[in-house]
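**Q** What shape does this take:
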Amino acid sequence: MYLPKHFEETRVEVMHALMAAHPLGLLVSNGADGLQANSIPFMVDPNPAPNGTLIAHVARANPLWREAAGTPVLVVFQGPQAYVSPSGYASKAEHGKVVPTWNYIMVQARGRLRAIDDAAHLHALVTRLTATHEAGRDKPWAVDDAPRDYIDATLKAIVGIEIEIEALAGKWKVSQNRGTADRQGVARMLAAEGGEAAEMAQQVMRPGRA
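**A** Sure thing, here's the model as predicted:
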């Protein structure tokens, strides 16, 4: 990944927070048919330090867990992103030497994929994943809400995967290369657009923070 220093994020806790907030990662592996990309919802465990571990499961029918086991893989997490019009820059009125760009946030995690095909482990895994993603709901669903025989049959159709993170790289391209007046103008413009652009507006003024 092209990573100029002024866009680089090195704080592990900030990258972990982004991964937790946007857990659907794109896992890239090199299998029998060449490069493969699978979208998988991950949970990030901060252990072992310093980078932690990515935890998830895939369908047993997915060849990923066999083909990629023990091999280097890359997982890409995308945060808020937004088009930035030059009309948001204060410097447009001063000299007009401005062009459009795109702001975005990305974390890349590298490690080796480990497949775990064990019923007890899988039950604990899906229980933990479910508790994580159901947290905050008025009526959270729990694995034990479903009949045990149904859950047991479902567990036979999946395989757990873990990736101990060997390297983390974060890119926060959020207008840090612009002056204060330009950043303020971009933040106001994006906030007015709403939705994901409004999320980016917060990052423009406070990179790496909620």
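**Q** partners of the one helix or strand Ala56 maps to in the sheet?
**A** Using DSSP states H and E, Ala56 sits in strand 53-59. Sheet pairing for strand 53-59, assigned by DSSP bridges, gives strand 43-45 (antiparallel), strand 158-173 (antiparallel).
**Q** so which of the ones you listed comes closest to Gly194?
**A** The closest of the strands paired with strand 53-59 to Gly194 is strand 158-173. By C-beta to C-beta, the value is 20.5 Å. To be clear about C-beta, it is placed using only N, CA and C from the backbone, and glycine gets the same treatment.
**Q** From the chain's centroid, how far away is the closest one?
**A** Between the centre of strand 158-173 and the centre of its host chain there is 9 Å, according to C-alpha atoms, centre = their mean, to the nearest Å.
**Q** and if you look at stretch 110-123?
**A** 20 Å.
**Q** how about the strands in the protein?
**A** 8-9, 24-31, 34-41, 43-45, 53-59, 72-84, 101-116, 158-173 (DSSP state E).
**Q** Tell me which other helices or strands the third one touches.
**A** Where contact means 3 or more C-beta pairs under 8 Å, 6 or more residues apart in numbering; DSSP states H and E, strand 34-41 is packed against strand 24-31, strand 53-59, helix 64-67.
**Q** Name the residues that touch the worst-scoring helix or strand of the chain on mean pLDDT?
**A** In the chain, the helix or strand scored least confidently by mean pLDDT, DSSP states H and E is helix 91-94, which has a mean of 84. Contact partners of helix 91-94, identified using C-beta atoms under 8 Å, 6 or more residues apart in numbering, comprise Pro86, Lys97, Val98, Arg178, Gly179, Ala181, Asp182.
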